[in-house]
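**Student:** Return a 3D structure for these sequence lines:
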Amino acid sequence: MKKHDIKSCFDDYYYIRQLEDLFEILPVISNSIPEDLYKYIYNEKKYKNLTKCFDNWIDEQKVFSDKDEILDENICSFLSYGRLDTGYLNVKCCCCFYHVSDQIIIHYDFEDFDEENNPIWTAKSGRFTLTYKEFLDEIENLLNRFFCDMEKQISNAAAELKDEVFYDIFVQRDKNTKPGTAYLFEEHEERKISFYSVLRSLKNNNCKKINWDEIRENIKFITLNFEKA
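**Tutor:** A predicted model of the protein is given here:
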């Protein structure tokens, strides 16, 4: 296989996969968690306790009613709120983005190791806090840098990889998509439009709202009735 000299500060596969996952949860993160609910998940012990209560409740259910379905959906969505887990990638990490009041509290766990048991990341685990506005500014800066760099990378790729060396199975995701370097530019532009659209929704505060009162009621129910020693 020919090696092409395509230089970039980004490993496009890992960055794109993580960006796609991040932008899936950003609309949820736009909803600020009430502080009384954040107390149920603010550390690993609390999070595991709520998860255990939920598991105990599930074990007791023989048939799910419509009300049970709502409770199940509420608790599942709450436990996954702001959770970015890239365990499916060869180099994994786990971050939780909690929007509390006007702050974003990021819980991170980067303790992953290679085959020789050497740490992959320089960061380990901990918390980092910034304001929600600062968080949105950082996301916008990241997008600007990422897409600027990717445009250079794609232009270099188009110059190196002529249309005739593109494998149909690699670039032709459906019969209406023509293989070739034009596909790279098209995919890049679609992703750019999608990501910036999410960012605009966040800035305009018009993402789907979460019914915290309903979630609070269901959390109280399972913790009062299904917390076992």
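**Student:** can we go C-alpha only for contacts and neighbour counts from here?
**Tutor:** Fine.
**Student:** ranges for the strands of this protein?
**Tutor:** Along the chain, the stretches classed as strands by DSSP state E are 83-85, 94-100, 103-109, 125-131.
**Student:** and residue 148, which of the ones you listed is closest to it?
**Tutor:** strand 83-85 (24.3 Å; CA to CA).
**Student:** So for residue 12, what's the pLDDT?
**Tutor:** Reported pLDDT at residue 12 in the predicted model: 61.
**Student:** List the contacts of residue 99.
**Tutor:** Residue 99 sits next to 29, 30, 31, 32, 33, 105, 132 when contact means CA atoms under 8 Å, 6 or more residues apart in numbering.
**Student:** what's the angle from the longest helix belonging to the chain to strand 125-131?
**Tutor:** For the chain, the helix reaching the highest residue count under DSSP state H is reported as helix 132-160. Using axes from the mean of the first three to the mean of the last three CA atoms, to 10 degrees, one finds that helix 132-160 and strand 125-131 are set 110 degrees apart in direction.
**Student:** what's the weakest-modelled helix or strand in the protein?
**Tutor:** helix 168-171 (a mean of 50; mean pLDDT, DSSP states H and E).
**Student:** separation between the residue lying closest to residue 34 once chain neighbours are set aside and residue 79?
**Tutor:** In space, and not counting its chain neighbours, residue 34 is closest to residue 100: 6.6 Å by CA to CA, 6 or more residues apart in numbering. Counting by CA to CA, to the nearest Å, the gap from residue 100 to residue 79 is 15 Å.
**Student:** And for residue 112?
**Tutor:** Residue 112 is 23 Å from residue 79, where distance means CA to CA.
**Student:** ditto for residue 142
**Tutor:** Here the criterion is CA to CA. By it, residue 142 lies 27 Å from residue 79.
**Student:** Over to residue 95?
**Tutor:** Applying CA to CA, the value for residue 95 to residue 79 is 13 Å.
**Student:** With residue 205 instead?
**Tutor:** Counting by CA to CA, the gap between residue 205 and residue 79 amounts to 23 Å.
**Student:** Which one of the two is surrounded by more residues?
**Tutor:** Regarding residue 205 and residue 79, a neighbour count based on other CA atoms under 10 Å identifies residue 79 as having more, with 16 against 13.
**Student:** Is there a neighbour count for the residue lying closest to residue 109 once chain neighbours are set aside? I'd like the number.
**Tutor:** Counting by CA to CA, 6+ apart, the nearest residue to residue 109 once its immediate chain neighbours are dropped is residue 125, at 4.2 Å. Using other CA under 10 Å as the criterion, residue 125 is surrounded by 13 other residues.
**Student:** Contacts only, for residue 125.
**Tutor:** Contact analysis of residue 125 by CA under 8 Å, 6+ apart lists 107, 108, 109, 110, 111.
**Student:** which ones are touching the third one?
**Tutor:** The contact partners of residue 109, taken as CA under 8 Å, 6+ apart, are 93, 94, 95, 124, 125, 126.
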